[in-house]
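> Here is my input, please return the structure:
(chains A and B, ligands or ions: 2)
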2 protein chains.
Amino acid sequence: GSVLVLNSGSSSLKYQLVNPVGGEAIAAGTVERIGEPAGIVTHTFAGNRTRRELEVPDHGEALRLALGMFDEIGPRLADAGIYAVGHRVVHGGAEFSGPVVVDDGVVDRIEALVPLAPLHNPANVQGIRVARELLGDVPHVAVFDTAFFAALPAEAYTYAIDRKVAAEHDVRRYGFHGTSHQYVAGKVARVLGRRVQDLHTIVLHLGNGASASAVRGGVPIDTSMGLTPLEGLVMGTRSGDVDPAVVFHLARNAGMSIDELDTLLNKRSGMLGLSGVNDFRELRRLIDDGDEQAALAFDVYIHRLKKYVGAYAALLGRVDVVAFTAGVGENDTAVRAAVCEGLEGMGIAVDPERNAGPDAAQGERIISPDWTSTLVMVIPTMEELAIARQCVEAVDGGRPSSAVTAG
Amino acid sequence: GSVLVLNSGSSSLKYQLVNPVGGEAIAAGTVERIGEPAGIVTHTFAGNRTRRELEVPDHGEALRLALGMFDEIGPRLADAGIYAVGHRVVHGGAEFSGPVVVDDGVVDRIEALVPLAPLHNPANVQGIRVARELLGDVPHVAVFDTAFFAALPAEAYTYAIDRKVAAEHDVRRYGFHGTSHQYVAGKVARVLGRRVQDLHTIVLHLGNGASASAVRGGVPIDTSMGLTPLEGLVMGTRSGDVDPAVVFHLARNAGMSIDELDTLLNKRSGMLGLSGVNDFRELRRLIDDGDEQAALAFDVYIHRLKKYVGAYAALLGRVDVVAFTAGVGENDTAVRAAVCEGLEGMGIAVDPERNAGPDAAQGERIISPDWTSTLVMVIPTMEELAIARQCVEAVDGGRPSSAVTAG
Ligand SMILES: Nc1ncnc2c1ncn2[C@@H]1O[C@H](COP(=O)(O)OP(=O)(O)O)[C@@H](O)[C@H]1O
Ligand SMILES: Nc1ncnc2c1ncn2[C@@H]1O[C@H](COP(=O)(O)OP(=O)(O)O)[C@@H](O)[C@H]1O
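Numbering: from 1, shown residues only, chains lettered A, B, ... in the order given. Ligands and ions are numbered 1, 2, ... in the order given. This is a model prediction of the structure:
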């Protein structure tokens, strides 16, 4: 059977039909601009991409359209034999430490976490509700972005703030992108033919959102995102780390409200705020054209990343692997080279040819020279596949079949 | 001649009469609880400490009382021959990169920086005003906590936020405790008989406030405090780094105002917020008594410190010295041992005997074992002396005399 993986955003629905054994995406699509006058639906199957523009009033209609695409263009879901529907959920709070088969109680608990993720969990809940209505006869599984990091040690998840306030309002580091960090740390071990238990790995997930983690023996010991996905690395539109007093300063001196400040730091900051663009391909063009703001944005991005690599090296004591993943991590040669530049003293370096070589689009590989103690690797992340496999695990009652853990 | 160093807080005045050549404090005192019904004045001279309780309505009266103590108890300021009055000023913005002789224009410029340091600069300005009135016939010099860090590179001082908002409201990393970081980095070189230009040093200033810096060849390349002294390490009552979204979350869910959140993170957080105490001697007693919150607070404190050491090691590429200073750094054996534990892979370690040995109160010393590539040192900070010497430099027109740079 295959797994239908759903990722519901506030105005979008992304879906992928995945074979959890072989690992391939059988079909995939997106419904964008939900609730706007002109929505966009795309569906890709057997190498063909179909695109439609039409109004999509809500998530229910979005999913109905997606299911219609399967019927019309293929593959027919009845033939594909859906084993489970997997829902990516952003915030699982402190309670969800793994995938869980959805029932009404689970939906309520995810809804109860809305205060922690007001931008994300409402859409996730909505997606689950409509999917259970339309696809009522298969198990639904919630897979949480935070789950992998539920295992963080207390000294990593505890903020140094008044402990009563923290307890009352659930303020702690949760971490996000957990599915990707867990998948990459595991994949590193499989690629190297090592046991994940024996490896100390730093995972750098550099996409539009970006986060770093330190993983010791398969267990995370720290990660850069915190209470929300705002903290940590410089991202496409998010600031990452700033003095929290920046918020106080701008509230007082720029007269900005909490909502305006939230929007400023989450949507108008990061690479976009510094350089005007948030796509690293455009950034590279600007830098090559001599744009100084773009060059500074790149330097700020790298400076922050270097600090996290060093910080996590200190926590791990020994680093076996630094793994780059996600859009920027998998594709941007210059970012990978710059992050590792000057880290030879820590045993971390990148070989220019391996980094930039003709195999640049070839999937997982080692890009460090032979003499280093730490391997630098590129590991394409496969979040949908990882979600699909966690779904199978959850439905099978936590007993991972060999098919699920392999590959 | 000697230098009178003044440190004006919102409700206190600390003063010290310093011999900038020999380095000793000739006399020192504090006026506390200014503006409250029962103020406290202490004055120490020639080994004798005098203490008085009386109402001190304002900073003018506080300084008048302090000058009265010199007259009454000694030493008489006329005999001491005051060469200059040095004022510690918290925020020098982006413009003050060194000590400056005070005139009316300088006072105005320090006042113009009040939006950046609403808690500190007003008291500093007030202190300068009354001191110039009462001690009008000697030069006054402003020495800024931020000055040393004016040399930070752009990739370290730039936050990844919208660059127009940042420019309009002067939002950047300034760094604080600069006098101490500069003094310690210089002192390390003198103690080792090396040139500061040749050393890569991490300075850990761990007092009630706490900050870390990475200094390459005498020039800072990063520091942990930011726009304000709130960012960075866990401190006595300050949180240091937190997801800036913690502010948004508590504003929305706890209904706290900006001022309440500012107070929460600056005054009710850090070690105090986690354990109930902010003095490390009390913390140690609690830990020894089996208090789990105190033990967690210690672990959180150390975890953060380790990350900064690693981060700055990555930026520096090579670390010659890790220097501990200020109240906790100079005195707390357990903190120093815990920070360096597990960093052997980076060439950083502490020798238990050297760390705890009988020379524990003996001033600057090396506490790492002989085999490490990095020296771990304890360097008592002397902020008043450093301020006094910067005063002499400023008055002498920037030509440091040999007396000033020695020792
Ligand atoms: N060939 C490339 N070179 C450099 N950067 C790339 C390339 N392809 C994609 N990216 C970067 O990857 C980002 C998207 O990464 P992705 O992991 O898909 O993000 P997310 O899942 O967080 O939306 C783009 O914004 C772009 O900056
Ligand atoms: N013997 C000691 N052992 C452990 N900690 C100490 C000791 N003496 C002082 N401290 C710590 O040093 C702190 C004060 O440091 P200090 O550098 O004077 O702070 P600040 O100048 O920031 O007020 C105290 O709060 C206490 O935690």
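> Could you look up the SS state of the closest residue to A:Ala28 other than its chain neighbours?
Counting by Cβ to Cβ, 6 or more residues apart in numbering or on different chains, A:Ala28 lies nearest to A:Gln16, which is 4.2 Å off, once chain neighbours are set aside. In this view, the C-beta of every residue, glycine as well, is placed from N, C-alpha and C. The three-state label given to A:Gln16 by DSSP: H, G, I helix; E, B strand; the rest coil is strand.
> was I right about A:Gln16 contacting A:Glu24?
No - at 10.2 Å, A:Gln16 does not count as touching A:Glu24 under the criterion of Cβ atoms under 8 Å.
> neighbour-wise, which of these two wins?
A:Gln16 (23 against 11; other Cβ atoms under 10 Å in any protein chain shown).
> Can you give me the distance of the more buried one to A:Cys391?
Distance of A:Gln16 to A:Cys391, given as Cβ to Cβ, to the nearest Å: 12 Å.
> Could you name every residue contacting both of those two?
Residues touching both A:Gln16 and A:Cys391 (Cβ atoms under 8 Å, 6 or more residues apart in numbering or on different chains) are A:Val5.
> most centrally placed residue in chain A?
A:His177 (3.5 Å; Cα atoms, centre = their mean).
> OK, contacts around that one?
Taking Cβ under 8 Å, 6+ apart, we find A:His177 in contact with A:145, A:205, A:209, A:211, A:225, A:229.
> gap between the residue of the stretch 201-350 of chain A found nearest ligand 2 and chain B?
With Cβ to the nearest ligand atom as the measure, A:Ala245 is the residue of the stretch 201-350 of chain A nearest to ligand 2, at 17.7 Å. Distance, A:Ala245 to chain B, by Cβ to the nearest Cβ, to the nearest Å: 4 Å.
> cool, A:Ala46 as well?
Distance from A:Ala46 to chain B, by Cβ to the nearest Cβ: 42 Å.
> I'd say that residue and A:Glu24 touch.
No - counting by Cβ under 8 Å, A:Ala46 does not reach A:Glu24; the two are 11.5 Å apart.
> Which residue would be the closest one in the stretch 151-300 of chain A to ligand 1?
Residue of the stretch 151-300 of chain A nearest ligand 1, by Cβ to the nearest ligand atom: A:Gly207 (2.5 Å).
> If you could redo that for chain A, that was the one I meant.
A:Gly327 (2.0 Å).
> List the contacts of the nearest residue to that residue once chain neighbours are set aside.
Of all residues not flanking A:Gly327 in the chain, A:Gly207 sits nearest, at 4.6 Å (Cβ to Cβ, 6+ apart). Neighbour list for A:Gly207: A:236, A:326-329 [criterion: Cβ under 8 Å, 6+ apart].
> The residue nearest to A:Ala28 bridge partners, please.
A:Val5, A:Ala28 (DSSP bridges).
> From A:His91, how far out is it?
21 Å.
> ok, A:His181 - how many residues close by?
A count of nearby residues for A:His181, using other Cβ under 10 Å, gives 29.
> Now A:Asn124: closest residue in space, sequence neighbours ignored.
Using Cβ to Cβ, 6+ apart, the nearest residue to A:Asn124 is A:Val89, at 4.5 Å.
> What ranges does the stretch 251-400 of chain A have for its strands?
Secondary structure of the stretch 251-400 of chain A (DSSP state E, counting those that start in this stretch): strands located at A:321-325, A:365-366, A:375-378.
> so of those strands, which one's packed in deepest?
Highest mean neighbour count among the strands of the stretch 251-400 of chain A (mean count of other Cβ atoms under 10 Å in any protein chain shown): strand A:321-325, with a mean of 26.
> In the sheet, which strands lie alongside it, parallel or antiparallel?
Here strand A:321-325 is paired, per DSSP bridges, with strand A:200-206 (parallel), strand A:375-378 (parallel).
> Out of these, which gets nearest to B:Gly74?
Between B:Gly74 and these, the tightest spacing by Cβ to Cβ is seen for strand A:200-206, at 60.3 Å.
> Could you check the angle the helix or strand just after the closest one makes with strand A:321-325?
Following strand A:200-206 in sequence order, the next helix or strand is strand A:210-216 (DSSP states H and E). Angle, strand A:210-216 to strand A:321-325, by axes from the mean of the first three to the mean of the last three Cα atoms, to 10 degrees: 150 degrees.
> now check strand A:210-216, is it near ligand 1?
No - Strand A:210-216 lies apart from ligand 1 when judged by Cβ under 6 Å from any ligand atom; the minimum separation is 7.5 Å.
> Could you do stretch A:270-280 as well?
Yes - for a cut-off given as Cβ under 6 Å from any ligand atom, stretch A:270-280 has contacts with ligand 1, namely A:278-280.
> So for that stretch, mean pLDDT?
The average of the pLDDT scores along stretch A:270-280 is 97.
> ditto for stretch A:35-54
Averaged over stretch A:35-54, pLDDT sits at 93.
> Now that stretch - C-alpha only, PDB.
C-alpha atoms of stretch A:35-54 as PDB (Å, rounded to 0.1, in the frame of the first residue of the first chain):
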ATOM      1  CA  GLY A  35      -9.500  31.500   0.000                       C
ATOM      2  CA  GLU A  36      -8.200  33.900  -2.600                       C
ATOM      3  CA  PRO A  37     -10.000  34.800  -5.800                       C
ATOM      4  CA  ALA A  38      -7.600  32.800  -8.000                       C
ATOM      5  CA  GLY A  39      -6.400  29.500  -6.600                       C
ATOM      6  CA  ILE A  40      -3.800  27.300  -8.300                       C
ATOM      7  CA  VAL A  41      -3.800  23.500  -8.400                       C
ATOM      8  CA  THR A  42      -0.900  21.500  -9.700                       C
ATOM      9  CA  HIS A  43      -0.700  17.700  -9.900                       C
ATOM     10  CA  THR A  44       2.300  15.700 -11.100                       C
ATOM     11  CA  PHE A  45       2.000  12.000 -12.100                       C
ATOM     12  CA  ALA A  46       4.100   9.800 -14.300                       C
ATOM     13  CA  GLY A  47       6.300  12.700 -15.400                       C
ATOM     14  CA  ASN A  48       3.300  14.900 -16.400                       C
ATOM     15  CA  ARG A  49       2.500  18.100 -14.600                       C
ATOM     16  CA  THR A  50      -1.100  19.500 -14.800                       C
ATOM     17  CA  ARG A  51      -1.900  23.000 -13.700                       C
ATOM     18  CA  ARG A  52      -5.300  24.700 -13.200                       C
ATOM     19  CA  GLU A  53      -6.400  28.000 -12.000                       C
ATOM     20  CA  LEU A  54      -9.700  28.300 -10.100                       C
END
